[in-house]
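A.B. asks: Got a sequence here, can you model it:
(2 chains)
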Amino acid sequence: MTVILGQLFTGVSIGAVLLLIALGLALTFGQMNVINMAHGEFIMAGAYTTYVLQQTITDAGLSLLVALPIAFAVAGAMGVLLEWALIRRLYTRPLDTLLVTWGVSLMLQQLARDIFGAPNVQTKAPDILTESTSLGTDLSIANSRLFILGLVVLAVAALTAALKFTPLGRRIRAVVQNRDLAAVSGIPTARVDRLTFFIGSSLAGVAGVALTLLGPIGPTMGTNIIIDAFLVVVVGGIGQLKGSVIVAFVLGMLQAMVEYLTTLSVAKVIVFIAIVAFLQWRPQGLFTLRTRSLA
Amino acid sequence: MLRFHRRRLAACSVALAAALAVSACGSKTGESDTTGGVTADTSGDTVKVGLLNSLSGTMAISEVTVRDAIMLAVEEINAAGGVLGKKLAPVGEDGASDWPTFAEKAEKLIKVDRVAAVFGCWTSASRKAVKPVFEENKALLFYPVQYEGLEQSPYIFYTGATTNQQIVPGLDYLKAQGKKSVYLVGSDYVFPRTANKIIKAYAEANGLKVLGEDYAPLGSTEFGTIVNKVKASKAEAVFNTLNGDSNVAFFKEYKSAGLTAASMPVVSVSIAEEEVKSIGTQYLSGQLTAWNYYQTTTGAANDKFVKAYKAKFGADKPTSDPMEAAYVSVYLWKAMVEKAGSFDVEKVKGASNGVTFEAPEGLVTIDGATQHIHKTARIGKIGDDGLITEVWNSGGPVKPDPYLKGYPWATGLS
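C.D. replies: Numbering: from 1, shown residues only, chains lettered A, B, ... in the order given. Sure thing, here's the model as predicted:
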């Protein structure tokens, strides 16, 4: 029984990680329809930011907290630069965007390798985040996972609120629903695009900081997670945040339960099959945005 | 402006994701040549030697250090006058952690660069991929990493440990510590699967219970479930054959789950000093490793090796078992060539039996019949400073036995 409870929490925490890496993408891909293959490298940038900060701020807890806003800014700045330099010229050519950003992703990986070396680097986590909270005799929950769960809840809440209640959020939604009409109404769509891309990329940076608690920090970490991130957004439905949220947790739970009964490799295969089957049934994903545009 | 169908976009991105996943397995093998052996080019003042290591991808974390150690040996040999009066010219290729790429690059080194010998490879998957290339072209490979045994290619020299020099001593140590049950965790490829087969045969004959066995794909970083299973099994120890990045995620998860070296020690066979550094002693302190060499191994040869390595690559760079085995492999090749008086592959092979070298790990001797080397087995404990200190050793070099012929419980494995 305790094992099942443990697995339930593992499922939730896998879901939280999936959501965290997919959240930025839900904005840039989900809202703006930009296929940004370099999104994983923005996550990597966030992780390396934590590493670099720890070289100067030696206190593990403090440097992690400082890393969150700084990684937010660093990844966001990289995103804006990418949007300004390349993506804005390719808004009507999604497949070219894919190739260009993939090229950028390879360049960023090599850059990281040149700056930080090919081997992984390590960061020191604050002691409290390497321990676990005990619930009953055999059941314990890793603090690092709780931290990530908290972070993702905070990020989703903040993003939802921003989209719903702020003027910027209203403009983003207007541009997503009908770009031409939004432009006619006086919304500077180019500026809105850039801001949306900034927020989406920044969230990748935050995810990168969180991932330092769980896994390796290396030049290839981005490529390992980008596929999962895209899957969450595609299955969740493009243009909707809540789709990504639900799908991340469902996939996490499915992965944890199937893996417990079988093995990690088999679980991955079964999750993929489930996704393919689901997309046969609902090619647009879980939720679709209803608009009156003709597209 | 965004007039393409959402449905199509969704389909596109899934296809893309699938393509990315598949591209890792895509192969572009070079053309095969049926003429047989390619002779090395030894006409000039220099002789080319090949270095085949992953400088990118998930294995780069480990293989870059092996490349550095090979380079150190090559430079030392050149500074001392070369081999048979010829300087060595190293030619490096990146295997990119992708097995078909290894085969392609091996073919290039042999046929285009016409090297006298190739040093490198780390994972067994990469070795298995290049093995037919070396056999077909009758060229030499020196493989410097511990592996699962059960192999004996006429064109490969194995300077890392085979199972009876690493895994079996590791199990003997656990047994001597009074451990009655183990849980097996490994990466999903040939080395961990074969190693675990051997461990299970050993366990059955020695009254050790195997409580579970789990594999994670190479590069996998999600270990929540596996650690839960390990914890629930209440095993007395874990035998870890994970490779590469996965170790980082596994040990972070392991510590988070409240498991410690005192409550459930992990014996790892792929974590050396360099990996300890990138995982962090915070997560590893007190855990066990099974190898043949540690940076802390005593002896004049090791003092010289450690000093030379740090002088060249930085004082913060540790030396490790595979690096030492790679460094030794170049010197062993040199000794074989000098004994044969020729760079000719068949003559070098013929001269191999009994060739010795005073290595950092102690005296090593080539066993000509198996093309493996006699090595001392050592169990070590990871310290807070990131170094590994020996807690047990086999007392002297152990004769290599890749097919475990000398172990009655192992009959039927090969």
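A.B. asks: after the worst-scoring helix or strand of chain B on mean pLDDT comes which helix or strand?
C.D. replies: Counting by mean pLDDT, DSSP states H and E, chain B has its least confident helix or strand at helix B:6-23, which shows a mean of 49. On the C-terminal side of helix B:6-23, the closest following helix or strand by DSSP states H and E is strand B:46-53.
A.B. asks: helices or strands next to that next one in the packing?
C.D. replies: Packing partners of strand B:46-53 (3 or more CB pairs under 8 Å, 6 or more residues apart in numbering or on different chains; DSSP states H and E): helix B:60-79, strand B:87-94, helix B:99-111, strand B:118-120. Where C-beta positions appear, they are placed from N, C-alpha and C, glycine not excepted.
A.B. asks: which stretches of the chain have low pLDDT?
C.D. replies: Assuming you mean chain A. A:137, A:289-295 (pLDDT under 70).
A.B. asks: oops, chain B please
C.D. replies: B:1-37, B:414.
A.B. asks: Grab the most central residue of it for me.
C.D. replies: B:Val145 (2.8 Å; CA atoms, centre = their mean).
A.B. asks: what residues are up against the closest residue in space to A:Thr28 that isn't next to it in sequence?
C.D. replies: Counting by CB to CB, 6 or more residues apart in numbering or on different chains, A:Thr28 lies nearest to A:Gly200, which is 3.7 Å off, once chain neighbours are set aside. The neighbourhood of A:Gly200, defined by CB atoms under 8 Å, 6 or more residues apart in numbering or on different chains, consists of A:Gly24, A:Leu25, A:Ala26, A:Leu27, A:Thr28, A:Gln31, A:Met32, A:Asn36, A:His39, A:Gly79.
A.B. asks: show me what contacts the fourth one?
C.D. replies: Under the criterion of CB under 8 Å, 6+ apart, the neighbours of A:Leu27 are A:Leu159, A:Thr196, A:Phe197, A:Ile199, A:Gly200, A:Leu203.
A.B. asks: buried residues in the helix or strand harbouring the fifth one?
C.D. replies: Under the assignment given by DSSP H and E, the secondary-structure element containing A:Gly200 is helix A:189-211. Along helix A:189-211, the positions that meet the burial threshold by neighbour count (16 or more other CB atoms under 10 Å in any protein chain shown) are A:189, A:192-211.
A.B. asks: tally of neighbours for A:Leu261?
C.D. replies: 11 (other CB atoms under 10 Å in any protein chain shown).
A.B. asks: Give me the secondary structure label for A:Leu62.
C.D. replies: Here A:Leu62 is recorded as helix under DSSP: H, G, I helix; E, B strand; the rest coil.
A.B. asks: any idea how far A:Leu214 is from A:Asn143?
C.D. replies: With distances taken as CB to CB, to the nearest Å, A:Leu214 is found 12 Å from A:Asn143.
A.B. asks: neighbour count winner among the two?
C.D. replies: A:Leu214 (22 against 19).
A.B. asks: Surely the more buried one is in contact with B:Thr221?
C.D. replies: Yes - using CB atoms under 8 Å, A:Leu214 is in contact with B:Thr221, at 6.8 Å.
A.B. asks: Close to chain B: what parts of the stretch 151-295 of chain A are there?
C.D. replies: By CB under 8 Å from any CB of the partner chain, the residues of the stretch 151-295 of chain A that approach chain B are A:179-180, A:213-216, A:218-220, A:223-224, A:226-227, A:230-231, A:234, A:238-239, A:255-256, A:259-260, A:263-265, A:267-268, A:275-276, A:279, A:283-285, A:288, A:295.
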